[in-house]
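**Student:** Provided below are the primary sequence and the corresponding predicted coordinates.
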Amino acid sequence: MKTSIATVCLSGGLSEKLEAIAAAGFRGVEIFESDLLSSNRTPADVAKEVTDLGLKVVTFQPFRDFEGMPEPQRSRTFDRAERKFDIMQQLGCDLLMVCSNVSPDSLGGVDRAAADFHELGERAKKRGLCTGFEALAWGRHVNDYRDAWEVVRRANHPSVGLVLDTFHIYARKTDLSAMRSIPGDRIALVQLADAPWLDMDVLSWSRHYRCFPGQGDMPIVDFMTVLRETGYDGEISLEIFNDQFRAGSPRLVAIDGQRSLVYLMDQLRLKTGVAAKGFPALPPRSRCQGVEFVEFAVDDTTAGELAGLFAGLGFRNAGQHKSKAVTRWTQGAINLVINKEKEGFAHAHYITHGPSVCAIGLKVDSASQTLDRAEKLYDTPFRQSVGPGELEIPAVRGMGGSLLYFLDASSRLGKVWDLEFEAVNPGGEASSGLTVVDHISQSTYYEDMLSWLLFYTSLLDVRKTPQLDITDPGGIVRSQVAETTDGALRIALNASQSHRTQSSRFLTEYFGSGVQHIALQTDNIVATAMALKANGIDTLAIPENYYDDLEVRVDLPAERLKVLKANNILYDRDENGEYFQLYTRSFKDLFFFEIVERRGYKGFGATNAPIRLNAQSRWAEDHTAPDL
Ligand code: MG
Ligand code: MG
């Protein structure tokens, strides 16, 4: 299968875009007219650059407002087309993509449009070129691929084909079954774009919210399944207009495009039982059984303070690494690791970010298969030399240069604590009732949000929840969760376009993306809160007003409400059950812990998030002295 990507997907100048596209392994590129017009290079220069990079221009687009024009505009559109043909010949491109007319001057009628396309086909053929017709979802007379196909069919010209674009098809919820009767060789180009389901005008939706397959909500695999029945074997091209992509790194976005295609083609293989040519068959999406450990990179001073915090949270120092300055803290099934090594990966992470989560270890069914899948998905594997007796734990680069390790019970990796650590403090009990990691919250740049969402959903067997917008005192924070169906792994991603939100301030303080909070589960939040208090751990103060409102909002008994208030516990419930949350003060203004109790509840307390964010920003303002 031949794949391509449109220059419009990426940020940067035309040369930068082309280099990124070639570096990501694409062989085809759609040149957007505006990218060419804004470049100071001639079409012939661009053609040479394209060839030198091993690329091929699959189409030049868009050609607008063509079909159904009355005279004198009709003659002028043909003159315009001839000019585009001139450029295409210099570019070394043989397909002009025509999108359906939106002009109020245009006239309807399939035969009229077909006649126009027949003539355009004749002119193209003289130059050895082709044309393709795409129905824009907001086209004035043609806005449905079935009507566009009828125009192409009646034009009945070998140089006139159909262009299918998944966004335009799904945006109008058009039925796919008519596609089956279109002969594959009459399809000139297929463009793929996904998008979240949004209730807004289609033009703005298309121009700003398109995303790569798998990043949105549209069933692109279903489209590909039906497309296969047409026998089409031309280019599959990514055409994404997205503000986040246009603000991101062109190289990383181009790699996301490849990752999205590899994932899509594998889903197609699983659905149809036939592998797509040129695409690897991937091991299954890895089933994550939970978080095995969270590792913190620190220096000598902060190591002591962090150990103090862990002890206060009821963790027990249970292990000392046999050869490194690394300690293990446990409670329930939770392992927290403090790494104060003076060299190696964790140290480098500390130098960049300060005290921080440098790695997360995930329990998976097969660590080696997970790494294999990750490598095929263009993720970045990580290896560092290991000492004698140490395990080489498979890992890939995660957010902000951190690591995601994979461990399984079926190999020696399942014995990492026994093999690499010396048990200390045997039997020492210091529990506050914490059981497992509930969720890990990562803050990232707004433009990288979709990238990390695809990273997690393509690699692991997780689903994504709908996007939520949360009100922070400094603006809006967008939040989206990738989670396993059983809740064994929940990763919450947060990003904001405002520089004043807590999420954005974190990026500044932390010098990049990373873990901002870790939520730990308890079976009895009140008992945990009391234990924390006894240990001298301060929790985030929640204002009276919250509890006054809670009293009228939910019919909790007065006694219960009093206990929540006395312990700074936030409360929520949904159709599945109840949720209780409390927060620790942040460590060095960088990260903090959340304690949660779930009684069947599936969400994350989004209604409480603004209360928490306000409380945290008040606390930060009150503690701005440099020595804190
Ligand atoms: Mg299109
Ligand atoms: Mg949380």
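**Tutor:** It's in. Numbering: from 1, shown residues only. Ligands and ions are numbered 1, 2, ... in the order given.
**Student:** quick one: buried residues of whichever strand or helix holds residue 358?
**Tutor:** For residue 358, the element it lies in under DSSP states H and E is strand 356-364. Within strand 356-364, the residues scored as buried using 16 or more other Cβ atoms under 10 Å are 356, 357, 358, 359, 360, 361, 362, 363, 364. Where you see a C-beta, it was placed from the backbone N, CA and C, and this is true even at glycine.
**Student:** now the element after that strand, going C-ward?
**Tutor:** Elements were assigned by DSSP H and E; along the chain past strand 356-364, the next helix or strand is helix 367-376.
**Student:** average pLDDT for that next one?
**Tutor:** Within the predicted structure, the mean pLDDT of helix 367-376 is 97.
**Student:** list the buried residues for it?
**Tutor:** Buried residues in helix 367-376, counting neighbours by 16+ other Cβ under 10 Å, are found at 367, 369, 370, 371, 372, 373, 374, 376.
**Student:** the residue of the chain found nearest ligand 1: what's its closest spatial neighbour, skipping adjacent residues?
**Tutor:** When distances are taken as Cβ to the ion, the chain approaches ligand 1 most closely through residue 165, which lies 3.6 Å from it. Nearest-residue entry for residue 165: residue 191, 4.2 Å, with adjacent residues in sequence omitted and distances by Cβ to Cβ, 6 or more residues apart in numbering.
**Student:** ligand 2 contacts on the stretch 451-600 of the chain?
**Tutor:** When proximity is defined by Cβ under 5 Å from the ion, the stretch 451-600 of the chain lies next to ligand 2 at 519, 594.
**Student:** swap in 8 Å and give it another go.
**Tutor:** Counting by Cβ under 8 Å from the ion, the positions of the stretch 451-600 of the chain adjacent to ligand 2 are 492, 517, 519, 581, 594, 596.
**Student:** how many residues are close by the residue nearest to the second one when sequence neighbours are not counted?
**Tutor:** The one in question is residue 517. Excluding its sequence neighbours, the residue lying closest to residue 517 (Cβ to Cβ, 6+ apart) is residue 441, at 4.6 Å. Close neighbours of residue 441, defined as other Cβ atoms under 10 Å, add up to 21.
**Student:** ok, now how distant is residue 153 from residue 519?
**Tutor:** To residue 519, residue 153 is 57 Å away according to Cβ to Cβ, to the nearest Å.
**Student:** who's in contact with residue 176?
**Tutor:** By Cβ atoms under 8 Å, 6 or more residues apart in numbering, the residues touching residue 176 are 169, 222, 223, 226.
**Student:** hang on, the earlier thing: next one: the residue nearest to residue 517, what pLDDT does it get?
**Tutor:** Reading off the confidence values, residue 441 has pLDDT 95.
**Student:** now do the buried residues in the helix or strand of the chain with the lowest mean pLDDT.
**Tutor:** Across the helices and strands of the chain, the lowest-confidence element by mean pLDDT, DSSP states H and E is helix 502-510, at a mean of 81. Along helix 502-510, the positions that meet the burial threshold by neighbour count (16+ other Cβ under 10 Å) are 502, 503, 504, 505, 506, 507, 510.
**Student:** cool, and stretch 98-115?
**Tutor:** In stretch 98-115, counting by 16+ other Cβ under 10 Å, buried: 98, 99, 100, 101, 102, 103, 106, 110, 112, 113, 114, 115.
**Student:** and for stretch 513-531?
**Tutor:** Along stretch 513-531, these residues count as buried under the neighbour rule (16+ other Cβ under 10 Å): 513-522, 525-526, 528-531.
**Student:** for whichever residue of the stretch 301-450 of the chain sits closest to ligand 2, which residues make a bridge with it?
**Tutor:** Closest to ligand 2 within the stretch 301-450 of the chain is residue 441: 5.2 Å, counting by Cβ to the ion. With DSSP bridges as the criterion, the beta-bridge partners of residue 441 are residue 492, residue 517.
**Student:** how far away is it from residue 329?
**Tutor:** Distance of residue 441 to residue 329, computed by Cβ to Cβ: 20 Å.
**Student:** next: residue 442.
**Tutor:** If you go by Cβ to Cβ, the gap between residue 442 and residue 329 works out to 21 Å.
**Student:** got it, and residue 393?
**Tutor:** Counting by Cβ to Cβ, the gap from residue 393 to residue 329 is 19 Å.
**Student:** pick out whichever of the two has more residues nearby.
**Tutor:** Neighbours around residue 393 and residue 329, counted as other Cβ under 10 Å, are more numerous at residue 329. The numbers are 25 against 22.
**Student:** excluding sequence neighbours, find me the nearest residue to residue 281.
**Tutor:** Among residues not flanking residue 281 along the chain, residue 275 sits closest, at 5.6 Å (Cβ to Cβ, 6+ apart).
**Student:** equivalent analysis for residue 196, please.
**Tutor:** The shortest distance from residue 196 to any non-neighbouring residue, by Cβ to Cβ, 6+ apart, is to residue 216 (4.8 Å).
**Student:** ramachandran angles for that neighbour?
**Tutor:** When read as degrees, to the nearest 10, the backbone of residue 216 gives phi -110, psi -150.
**Student:** tell me where the stretch 51-200 of the chain has strands.
**Tutor:** Taking DSSP state E, counting those that start in this stretch as the criterion, the stretch 51-200 of the chain carries its strands at 56-63, 95-99, 130-134, 160-165, 187-192.
**Student:** all helices for the stretch 251-400 of the chain, in order.
**Tutor:** Defined through DSSP state H, counting those that start in this stretch, the helices belonging to the stretch 251-400 of the chain, from first to last, are 300-312, 345-353, 367-376.
**Student:** please tabulate those helices in a markdown table and include distance to residue 34 as additional columns.
**Tutor:** Compiled in a markdown table, the helices of the stretch 251-400 of the chain are given as follows (distance: least, Cβ to Cβ, whole Å):
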| stretch | distance to residue 34 |
| --- | --- |
| helix 300-312 | 50 |
| helix 345-353 | 37 |
| helix 367-376 | 34 |
